[in-house]
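Trainee: What follows is a predicted protein model with its sequence.
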Number of protein chains: 2
Amino acid sequence: MTEHICTSSCTHGISAESKKDVTEEFDTARRSFIRNAFVGGGAVSLGAMGVSMSPMSYASTGTSSNTVDADAPGPMHYYIPATPETVLWGYFSKIAKPVVEIESGDFVTIETLTHHANDDAERMVKGDPGAESIFHWDAQRKGVDRRGAGPMDAAIGAGGGAGVHICTGPVRIQGAQPGDILEVRIADVAPRPSGNPDFKGKSFGSNAAAWWGFHYGDMLTEPKKREVVTIYEVDARGERNWAKAVYNYRWTPQTDPFGVVHPTIDYPGVPVDHRTISKRDNILRDIRIPIRPHFGTIGVAPAEADIVNSIPPSYTGGNIDNWRIGKGAKLYFPVAVEGAMFSVGDPHASQGDSELCGTAIECSLTGTFQFILHKKADLLGTALAELNYPLLETQDDWVLHGFSYANYLAELGPNAQEDIYSKSSVDKALRDAYRKMRHFLMTTQQLDEDEAISLMSVAVDFGITQVVDGNWGVHAILKKSMFPARGRS
Amino acid sequence: MTEHICTSSCTHGISAESKKDVTEEFDTARRSFIRNAFVGGGAVSLGAMGVSMSPMSYASTGTSSNTVDADAPGPMHYYIPATPETVLWGYFSKIAKPVVEIESGDFVTIETLTHHANDDAERMVKGDPGAESIFHWDAQRKGVDRRGAGPMDAAIGAGGGAGVHICTGPVRIQGAQPGDILEVRIADVAPRPSGNPDFKGKSFGSNAAAWWGFHYGDMLTEPKKREVVTIYEVDARGERNWAKAVYNYRWTPQTDPFGVVHPTIDYPGVPVDHRTISKRDNILRDIRIPIRPHFGTIGVAPAEADIVNSIPPSYTGGNIDNWRIGKGAKLYFPVAVEGAMFSVGDPHASQGDSELCGTAIECSLTGTFQFILHKKADLLGTALAELNYPLLETQDDWVLHGFSYANYLAELGPNAQEDIYSKSSVDKALRDAYRKMRHFLMTTQQLDEDEAISLMSVAVDFGITQVVDGNWGVHAILKKSMFPARGRS
C-alpha cells in the first residue's frame, strides 16, 4: 500500500486517481433503492441488482411498537442476492451507494459469499450464478475488480487485497444518524448449497492456515512457512450438525488470469488451479466438527475514512469473528455515519475462539436480518446509552467485544490501516474488554465501580475472540441469568 | 525476598537458616502415615494430624483393574482435616513430610481452607476448630508461622507471603516416580459450613480486588489504587446454586498481632479488624452469581526447588485457577518427584475466566479425590505419553493449560520465583496453549501437524484462565464429541 498523508477527509490509502475509480464503480454499477418507491404487495425484483422485496408476512414478530411507525404499512422484507453489484469486496465504505434503503423494523435476507470459494471452485463456485458472477476472472476482466481498500493500481491486484471479505451491502437505514444505535437481529442463517449437481445437498467451506495465522512460522515440520487449505463439507439440508474434512492441499504459487503470481494467499479470490496442487484425502478422519454458522464480518461503516479495510474490527463492528454471532443473536452497533451503512460477509460454518490459523470454515451463508433503529434521544437511561462498540446479545448472554484498539482508525493516526497489523496484543484487548464490561455493568445494572470489578472477577468469562485480524479481540461474556430481578431497559 | 544464587539443590529464596526452620516444622509437627499400617475396618484416627481412613465402601466404582493390585484389599478412603499440621501455607514442597501415603486407587477426602477467611473471621473462622487453629495468631504465636516460600525472617512475616494459598497435603502416592502421570479424579466437592451458629447452614467467601489484580490502578474513581474486599454468601446445604454479595469494605492498613502494619493485602491471613473498616451493605443487589465450586490450586510438587511459591502455576499444576476443576473433573499431572506429593487448596465458590481483580469467591471447600497412578512404562502410545503440563478432562471436554512460561522455574533461571511476576503476557500463554494443543492432537488423535492446526482454528476455543498469578494462563477447550469413533486410549 502506498504511503499517504491523512487529512480530515482522508481515504486511507486511496489516491485521488483510485478514488475516482471507486466512485465510478459505485456510480456505474450500483443503484440506490428507496423503500418508499416499492411499498405494495408481492415480491418485486429491483432491477439490475436483483434485490427483491415483499411485505412482511410475519410482521407481528420481533418488532417493538416504539420502533415502528404505527401508520406505516408494516415492516418490509427485502432480499439481496450476492452479485457483483451488491457487494463490496474487502472494505466498508460510508460513501458507497446503498444496495437498499430500509426503515427501522424491516427485514432483509442477505446472501453472503465466502471469499475463499475459489480455493475449490468446483464445489463452491461452479453452477452458482451469483458466485460465478462475483468470482468471474478471465484475462479481460474480473467480476469484481476492486478487492480491498488499497490503490486500484496495486501490483498485486486492484485494491491491493487490503481487506478480503466479500461484504454484501451496504444496507442504508433511513433516519440513522451518528449517535444512534442500530440493532441487528439475526432471524435465520442457512448454508448456501453447492450449485454443482455433483454435490447436491452439500455445502462446502475452506479453512486456510495462512501467513497471517498465529501458528505461522511456529511449526514442527518443514517448511515452517507453508500455507495449507483444508476443504470441509457441511450438510446443506440442515440434518447434520457437524462438518467433516474432505481433503487438504498445500498452497502453491498461483498465477491469476491477469498473469500475476501469488506465492502466498496475498489477494482474495485468486482461482486455485487444482492441477498445480496435491490433494491429501482421508484427513481428520472420523472427526465431526460441530457447526456454528455465523457471520465473521458484520457491521456499519466507520466515520474516520471513506473506505476502510475489512480485516481489522473496530467500534463499528466489522470482522469481529465471534462464532456466537449466529441465528438468534442480536447485535448493537453505534451508528457512525448517516444511514448507518450496514454490510455483512465472511460467513463461517464454524470457528474456534481465537481463529488461530487465520480463518474459520469459510462457507457461504444466507442470513435474514431485522434492523431496529434506536434514536440517540431515546437512549438516555437505557442499556444502549453511551454504547461505543459492537455489543452482542444471545439467548443467555451479553457478549462485549474488546479490541487491542477500541477505535484503531482514530487512535493510530494517519497510517492506522497499515500500522494496526504490528501493534496488537491479547493483553491490550483484555484491557479494552475490562473497561467495556465495567462500563456496561455500571450503566446498565447501576453498579458502582467496586461492585462491577468484583462481579467481573467472580462471574464474567473473558475469551480470546481472534488473534489474526490485525486488531486482536477479547470478548467478555456476562450471563443474563445473574439478573433475575432486573429488566434490561 | 532476599537475593540468592541458584544451585542444583536450589531452594529459591530459602537461606540455610530458614531451611532449617522448614525442616524443623516438618519434623516436629508432621508425620508420615503409611497406608499399610492401617489396613482394616472402620474409620481410624491417625494421631496428631487427625487423618482418618476407612476401607472404601464404594470400592467398585472408579478404579480400573489395571491400576489396582488385585490382591490388595481394595482402595482405602482417607480423610484429611485442615489443621496446622496438615497444611503448607503458600508453597509446594518436595521435601515436606507427607500427611498421608496412599496407593493408586485410594480415595482421600480433603478439607481445604481459603486463605481469605480472616477477611471476615466471624463468618469464616469463628466456631470452626480447624480454621481457628490454622488462623490462630496472637502476640505470642501463629497457628501456622511460615506463609510463603520466602525467608522466615522476612519483615512482613515468616515466609514473606511469597505464596499465599493454604494447601492441604502433601499426599504421597506410593510408587510414583518422575515420568509417571498422576490422575486425580474429583469425586465430590462441598462448601464448608460456617462454624458460627449465627450463620448456620451458610458458607461464605471473600473476593479481594487487590493490588495484583488486572484492574489495579486502572480505575475510574479515586483512589485508583484502593483494595476492596467483598464478602459473598453461599448456601452450604447445596439447595441454591448461586451466591450473593453480603457487603464490601475498602482495605485499611491492618496491624497484625505481631505489630506489623499491612497497608495492602501483602501477607496472607492477616486478621482484619472490623472496627477499622466501613462496611457497605446492599451491594450487588438482586444479583445471583452462579456457583462453580472448584479448587484454584491443585497439583504435585515441582522438582526444580525444594519449596516453591504457590502463586505461579507451572507444569506440575498448582494455582491453575480454572473454574472447570470441580466435581466430576479429572486432572492429569506429570509426576516430577518421588511420591508425586499432591496438595490442594485455594478453594473457590466461583470464578470467571481471567480472575480479573485478583481473586475469586474464595470459599473453603471439602473435596473427595481419587488418585490413579499411571506408570511411565504403561504410557507409550496412550493419550498421556509425553504429557508435560496439567491436563483437565471434564465430562464434555479436554482442557489444556498453557502458561506464559510452561515451566517458569526452569526457563527463568535463578530468580524465577521473583522474575515471573514481570514477564507474563496473555500472548505468550496463548503461544504455549497452541503448542500444547497441537501436541495433544498429534499424539492422542494421531493427526499430522496440518490437520491439528486446521482443527484447532475451526473448533478449539481458547480462553483466558487468569492474568493475576504471575505466570498467566490460557486454556484450550477441545470437545470430546468431535471424536465419536475414537476412544481415548
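Mentor: Okay, I see it. Numbers count the residues shown, from 1 in each chain, chains lettered A, B, ... in the order given.
Trainee: okay, CA-based contacts and neighbour counts for the rest of this
Mentor: Noted.
Trainee: What parts of the stretch 351-489 of chain A come near chain B?
Mentor: Selection of the stretch 351-489 of chain A residues close to chain B by CA under 8 Å from any CA of the partner chain yields A:351-361, A:425-427, A:434, A:447, A:449-451, A:453-454, A:456-464, A:481-486.
Trainee: Let's see which of those end up in helices.
Mentor: A:426, A:427, A:434, A:449, A:450, A:451, A:453, A:454, A:456, A:457, A:458, A:459 (DSSP state H).
Trainee: any chance you could map the helices in chain A?
Mentor: Ranges of helices in chain A, per DSSP H, are A:16-29, A:121-124, A:129-135, A:408-411, A:416-419, A:426-444, A:449-459.
Trainee: Tabulate those in JSON lines, adding columns for mean pLDDT, mean neighbour count and distance to residue A:163.
Mentor: Listed next are the helices of chain A as JSON lines, based on pLDDT from 0 to 100; neighbours: other CA atoms under 10 Å in any protein chain shown; distance: least, CA to CA, whole Å:
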{"stretch": "helix A:16-29", "mean pLDDT": "43", "mean neighbour count": "14", "distance to residue A:163": "15"}
{"stretch": "helix A:121-124", "mean pLDDT": "98", "mean neighbour count": "22", "distance to residue A:163": "21"}
{"stretch": "helix A:129-135", "mean pLDDT": "98", "mean neighbour count": "21", "distance to residue A:163": "16"}
{"stretch": "helix A:408-411", "mean pLDDT": "97", "mean neighbour count": "17", "distance to residue A:163": "15"}
{"stretch": "helix A:416-419", "mean pLDDT": "95", "mean neighbour count": "19", "distance to residue A:163": "10"}
{"stretch": "helix A:426-444", "mean pLDDT": "97", "mean neighbour count": "22", "distance to residue A:163": "21"}
{"stretch": "helix A:449-459", "mean pLDDT": "98", "mean neighbour count": "25", "distance to residue A:163": "35"}
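Trainee: quick one: which of the ones you listed is nearest residue B:398?
Mentor: helix A:449-459 (21.7 Å; CA to CA).
Trainee: Could you pull up the contacting residues of the residue of the stretch 201-350 of chain A found nearest chain B?
Mentor: Using CA to the nearest CA, the single residue of the stretch 201-350 of chain A nearest to chain B is residue A:288, 4.6 Å away. Going by CA atoms under 8 Å, 6 or more residues apart in numbering or on different chains, residue A:288 touches A:242, A:243, A:244, B:481, B:482, B:483, B:484.
Trainee: who's in contact with the second one?
Mentor: Contacts for residue A:243 (CA under 8 Å, 6+ apart) come out as A:232, A:233, A:234, A:235, A:288, A:289, A:290, A:291.
Trainee: Look up how far residue A:349 lies from the last one.
Mentor: If I follow you right, that is residue A:291. Using CA to CA, to the nearest Å, residue A:291 is found at 6 Å from residue A:349.
Trainee: Compare the two (neighbour count), which wins?
Mentor: The residue with more neighbours, out of residue A:291 and residue A:349, is residue A:349; 32 against 21, by other CA atoms under 10 Å in any protein chain shown.
Trainee: ranges for the strands of the stretch 201-350 of chain A?
Mentor: A:202-209, A:228-235, A:242-250, A:254-255, A:261-262, A:289-290, A:294-300, A:307-309, A:317-318, A:330-334, A:342-350 (DSSP state E, counting those that start in this stretch).
Trainee: Within the sheet, what are the partner strands of the second one, with directions?
Mentor: Spelled out, it's strand A:228-235. strand A:202-209 (antiparallel), strand A:242-250 (antiparallel) (DSSP bridges).
Trainee: Across the sheet, point out what pairs with the one residue sitting closest to the centre of chain A.
Mentor: For chain A, residue A:297 is the residue whose C-alpha lies nearest the centre (CA atoms, centre = their mean; 1.2 Å). Per DSSP bridges, residues listed as beta-bridge partners of residue A:297: residue A:345.
Trainee: quick one, what contacts it?
Mentor: A:165, A:167, A:310, A:317, A:318, A:319, A:320, A:321, A:344, A:345, A:346, A:347.
Trainee: how close does the residue lying closest to residue A:164 once chain neighbours are set aside sit to residue A:152?
Mentor: Nearest non-adjacent residue to residue A:164, counting by CA to CA, 6 or more residues apart in numbering or on different chains: residue A:90, 4.1 Å away. Applying CA to CA, the value for residue A:90 to residue A:152 is 13 Å.
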